[in-house]
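# below: sequence and its predicted model.
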Amino acid sequence: MMTSLFSIFEPSSSILSIHLNWISTFIGLYFIPMFYWISPSRWSILWSLIIKTLHNEFKPILKLSNLSSSLLFISLFSFILFNNFLGLLPYIFTSSSHLAMTLSLALPLWLSFILFGWINHTQHMFAHLVPQGTPNILMPFMVLIETISNIIRPGTLAIRLAANMIAGHLLLSLLGNMGPLMPSSLMFLLIFSQILLLMLESAVAIIQSYVFAVLSTLYASEVN
């Protein structure tokens, strides 16, 4: 039962299908620029509004006012959001539920922030290991705790995104598998619950994209 349940997250067995599944992750890069090539429409206006809103959210964290400073994190949000919504469509490979993708996003960002901070702001990074006002007897323990918390940051970013995507898809699969076993009188209740769960998963897709981008922004601000 568990094998068939988790098989929805596995790419196809053939080599060509595996490559096509992962290539589908970047389909959004071909469609999003169309908003700027064509004449202004409701979609382009909505997307511009989302970009401005995210920039206003990230600007106080990064302490920089120009749009280019937050462009990396806005692009990260857009990329994760598209893949989260793509996974909600039937028979579409959900790349954001795999640690191979989420860790490949979180680990390079975290590593670049850490290297930048320790190379350019060494004293600030040392001072960040001991919070202000810590008693002298607790300083060695605080250094150990802060070091461990910094090391596990890419893992928590990756696991949080993948686990939330996996949980929702498993619930949808369980409800879908219950359909043939339920009497016709309860079929309406099953369909209604699936619609509600799909709406919940749409909200989770947006929230997890935002959380990933905001936490990455906070990690970047700590080394600046």
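Received it, and whenever you're ready, just let me know what you need.
# tell me the mean pLDDT for the helix ranked longest in the chain?
Longest helix of the chain, by residue count under DSSP state H: helix 187-222. For helix 187-222, the per-residue pLDDT values average out at 89.
# where does the prediction get shaky in this structure?
1-24, 27-41, 65-67 (pLDDT under 70).
# show me what contacts Met101?
By C-beta atoms under 8 Å, 6 or more residues apart in numbering, Met101 lies in contact with Thr25, Asn83, Ser95. C-beta coordinates here come from the backbone N, C-alpha and C atoms, glycine included.
# ditto for Ser202
Contacts for Ser202 were tallied using C-beta under 8 Å, 6+ apart; they are Phe85, Leu88.
# which strands and helices lie in contact with the helix or strand harbouring Arg160?
Assigned by DSSP states H and E, Arg160 belongs to helix 153-178. Helix 153-178 is packed against helix 2-6, helix 99-120, helix 187-222, with contacts defined by 3 or more C-beta pairs under 8 Å, 6 or more residues apart in numbering; DSSP states H and E.
# could I get these as TSV with distance to Glu146?
Output for the helices and strands packed on helix 153-178, formatted as TSV (distance: least, C-beta to C-beta, whole Å):
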stretch	distance to Glu146
helix 2-6	36
helix 99-120	13
helix 187-222	11
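# quick one: closest of these to Ser173.
For the helices and strands packed on helix 153-178, proximity to Ser173 was assessed by C-beta to C-beta; helix 2-6 is nearest, at 6.2 Å.
# before we move on, the earlier item: which parts of the helix holding Arg160 are buried?
Residues of helix 153-178 classed as buried by neighbour count (16 or more other C-beta atoms under 10 Å): 153-154, 157-158, 160-162, 164-166, 168-169, 172-173, 175.
# can you count the residues close to Pro90?
By other C-beta atoms under 10 Å, the residues close to Pro90 number 5.
# same deal with Ile80?
Ile80: 25 surrounding residues under other C-beta under 10 Å.
# I figured it hits Ser209, correct?
Yes - with contacts counted by C-beta atoms under 8 Å, Ile80 reaches Ser209, the gap being 4.3 Å.
# what's near enough to touch Leu157?
Thr102, Leu105, Ala106, Trp110, Phe212, Leu215, Ser216.
# the same query, at a cut-off of 7 Å, please.
Residues in contact with Leu157 (C-beta atoms under 7 Å, 6 or more residues apart in numbering) are Ala106, Phe212, Leu215.
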